[in-house]
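Participant: Sequence first, predicted coordinates after that:
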Amino acid sequence: MMKWLPVSLLVASVYAQAAPVLVNVIDGDTVIIRDDSLTYHLRLLDIDAPERQQAFGIQSRRSLQQLCEHASIRVQLQGRDLYGRTLGHLYCNHNDASESQIALGMAWFNARYSKRLALDALQQQAQQQGLGLWQEAQPMPPWQWRKIYGQYYRRQP
C-alpha cells in the first residue's frame, strides 16, 4: 500500500495546479480567471449586473467578490461574446454565482439570453423581499443604463 502513496500525492498535486483561480472581480457579472497558463475575462451567463458606475454597481461587485474570494472555483465555459470575453458559469464552493447574485438582488435575470426560468423565480423573490437593488422602487436595468450613459464610461473588455 505504501508504494501507491507517492503516486497519489503526485496526482493530487497535478489536479490542484489545474484548478481555475479567481484573479479579479471586475463587476457583478464579470471576473478574471486564470486556468493553468491562460488568463481570461469570464462573463457570467444568465445575469446582467449593474455597471460599477450605476446604482448598486459597487455592491454587486462586492457581493460576487465575497462569494468567490478564497473559494474553490469551477468554471463551465460556453463560448465568447462580442467583446471577446469568455462566456460561462462560475461556481464558488459549489454555489452557482449567477444564481447567488440574483437571489441577493445584485443582478437581473437576463431573460433575453437565458431560458433558466428558475432564476426568474429567484429574482421575483428578491424583488418581493426588497433585497439589494430591489430596495429602489424602479431600479434601472443595466441594459437601459448602458444605452443612456454608455458613451460616458469605458467598458471593460
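Facilitator: Now that the structure is in, tell me what you want to look at.
Participant: So which residues make contact with the helix or strand hosting Leu67?
Facilitator: Element membership for Leu67, per DSSP states H and E: helix 57-68. Here helix 57-68 makes contact (Cβ atoms under 8 Å, 6 or more residues apart in numbering) with 22, 25-29, 31, 49-52, 90, 92, 95, 97, 100-101, 104, 106-107, 132-133. No exception for glycine: its C-beta is placed from N, CA and C like everyone else's.
Participant: could you redo the last one with a cut-off of 7 Å?
Facilitator: Here helix 57-68 makes contact (Cβ atoms under 7 Å, 6 or more residues apart in numbering) with 22, 25, 27-28, 49-52, 90, 92, 95, 97, 100-101, 104, 106-107, 132.
Participant: List the buried residues for stretch 107-126?
Facilitator: With burial defined by 16 or more other Cβ atoms under 10 Å, the residues of stretch 107-126 counted as buried are Ala107, Trp108, Phe109, Asn110, Arg116, Leu119, Asp120, Leu122, Gln123, Ala126.
Participant: Show me these that map onto strands.
Facilitator: If you go by DSSP state E, those have Trp108, Phe109 in strands.
Participant: Adding pLDDT, write the buried residues of stretch 107-126 out as a markdown table.
Facilitator: Below are the buried residues of stretch 107-126 laid out as a markdown table (pLDDT from 0 to 100):
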| residue | pLDDT |
| --- | --- |
| Ala107 | 98 |
| Trp108 | 97 |
| Phe109 | 96 |
| Asn110 | 93 |
| Arg116 | 92 |
| Leu119 | 96 |
| Asp120 | 96 |
| Leu122 | 97 |
| Gln123 | 97 |
| Ala126 | 98 |
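Participant: Need the buried residues of stretch 107-126 in CSV (columns: distance to Arg62).
Facilitator: Formatted as CSV, the buried residues of stretch 107-126 follow (distance: Cβ to Cβ, whole Å):
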residue, distance to Arg62
Ala107, 13
Trp108, 17
Phe109, 20
Asn110, 20
Arg116, 24
Leu119, 21
Asp120, 24
Leu122, 19
Gln123, 19
Ala126, 16
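Participant: Nothing else from me, thank you.
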